[in-house]
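**Q** What follows is a predicted protein model with its sequence.
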Amino acid sequence: MTLMPFAWIRGLSGGLRPLRALVARGWLRESDVDAWLALLHPALRLSRVMARVTARQWVADDMLALTLRANGNWRGALPGQHVQLYLERNGVRLSRSYSLTALRPDGSLEIAIKRQVGGRVSPYLLEHLAVGELLELGPVYGELSWPEQAQGLLLLAAGSGITPLLGLLRTALAQGFSAPVSLLHYVREQGQRAFVAELQALQAQYANVQVRWSLSAAPADASQLQGRFCVEHLADITGLAQRSVLACGPAGFVAQVQQWWQGANQVGGLQYEAFTPPALQLDSQRREVRLGFARSHWVAPADNQRSLLEQAEAQGLTPAHGCRQGICASCTCTLLSGTVRDLRSGLLFSEPGQPIRLCVSAPHTDVEIDL
Ligand code: FES
């Protein structure tokens, strides 16, 4: 039973400021305050963003759109960004990031979740999460943006790469964008054409919008393309060289698009986002090291083969994090001593006071971090 309706708690965030000040001074613990607030309403928190599921809608055979309404701690996001989502299952806190497909004027937001077969999060969300349940949201991140001044756009999406591009497209059209927009969505089979009814409706409604699908694992019909991304698929696009390109999908797809763009003398720019993690450049020689967490007063044996985030979590610590790919910066922490390797570039950093991203840094020597 809750003592107040959900609509009220959205307006309560400002009223919690005195409690936040007491927590900041160390006079109260945030977890204690949150426990009291949860008695008034389970979505009421001092600073954490809790969101209630207000609608579920299947938008493809393997993709579900969830409409969420967040408490008053939600600070908003931009179209094309992603949000970290947390849930607890069997006592284990799990986290995944999902693209925002809509940011509605009424303050609600929509994310789309693709089923990952054998996954620990998406099958639960798709099959069991009910309207009215609560989820926790984390940091938002993502750099894709709609080039307002573009003479035309080419949107290239593979699989769930459609989701941030749809968020951008919906917003741009609602704001009156009128230059030509061509969207090519690469999927394996017909049932994976996410948001197909809406995209067809947008194409019918807006003369400047053209949408096509390409199927890689099933026969395409006469209006569709067949196979993976290739330059022949772009043959019908008018003014191609002038168009700005936005691409999103698995790393291999994005690499193909980059390769085409670099060789094509495109005048319009390229923005891209790959949603598979970058290959990690681990040290070829395994070493045991010592990992110190200064604020936690904890020193633990560690190795140079796993990220600092993984190793901190293995020690029972719960560092703030979001994407786990080095993008969102929410795991940034200060290096106090020792040398770390950036797992994306292989470069070594040993400057005390240096900010490091725990999810893409591994200890190279004994290391102490401000955690
Ligand atoms: S968790 Fe996003 S940068 Fe580390």
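**A** Nice, I can see it. Numbers count the residues shown, from 1 in each chain.
**Q** For the spatially most central residue of the chain, what are phi and psi?
**A** The centre of the chain sits closest to H82, judged by Cα atoms, centre = their mean, with a distance of 3.2 Å. Recorded main-chain torsions at H82 are phi -120, psi 160, according to degrees, to the nearest 10.
**Q** can you check the one 4 residues further on too?
**A** Backbone dihedrals for Y86, given as degrees, to the nearest 10, come out at phi -120, psi 140.
**Q** Do a quick rundown of the helices in the stretch 201-350 of the chain.
**A** Taking DSSP state H, counting those that start in this stretch as the test, the helices found in the stretch 201-350 of the chain are 251-263, 308-314.
**Q** For these, give me JSON lines that also has mean neighbour count and mean pLDDT.
**A** (C-beta placed from N, C-alpha, C; glycine too.) Below are the helices of the stretch 201-350 of the chain laid out as JSON lines (neighbours: other Cβ atoms under 10 Å; pLDDT from 0 to 100):
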{"stretch": "helix 251-263", "mean neighbour count": "16", "mean pLDDT": "95"}
{"stretch": "helix 308-314", "mean neighbour count": "20", "mean pLDDT": "91"}
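**Q** right, and the residue nearest to the centre of the chain touches T101 too?
**A** No. Contact criterion Cβ atoms under 8 Å: H82 and T101 do not qualify, at 10.5 Å.
**Q** what's the overlap in contacts for these two?
**A** P164 (Cβ atoms under 8 Å, 6 or more residues apart in numbering).
**Q** L125 - nearest residue in space that isn't next to it in sequence?
**A** Excluding the flanking residues, the one nearest L125 by Cβ to Cβ, 6 or more residues apart in numbering is I113, at 5.2 Å.
**Q** which secondary structure element contains the one you found?
**A** Per DSSP states H and E: I113 is located in strand 109-114.
**Q** helices and strands around that strand, which ones?
**A** In this structure, strand 109-114 packs against strand 49-60, strand 63-70, strand 82-89, strand 92-103, helix 122-127, helix 162-174, with contacts taken as 3 or more Cβ pairs under 8 Å, 6 or more residues apart in numbering; DSSP states H and E.
**Q** Number of residues surrounding the residue of the stretch 1-150 of the chain found nearest the ligand?
**A** Distance from the ligand to each residue of the stretch 1-150 of the chain (Cβ to the nearest ligand atom) is smallest for Y141, at 6.8 Å. The burial count assigned to Y141 is 18, neighbours taken as other Cβ atoms under 10 Å.
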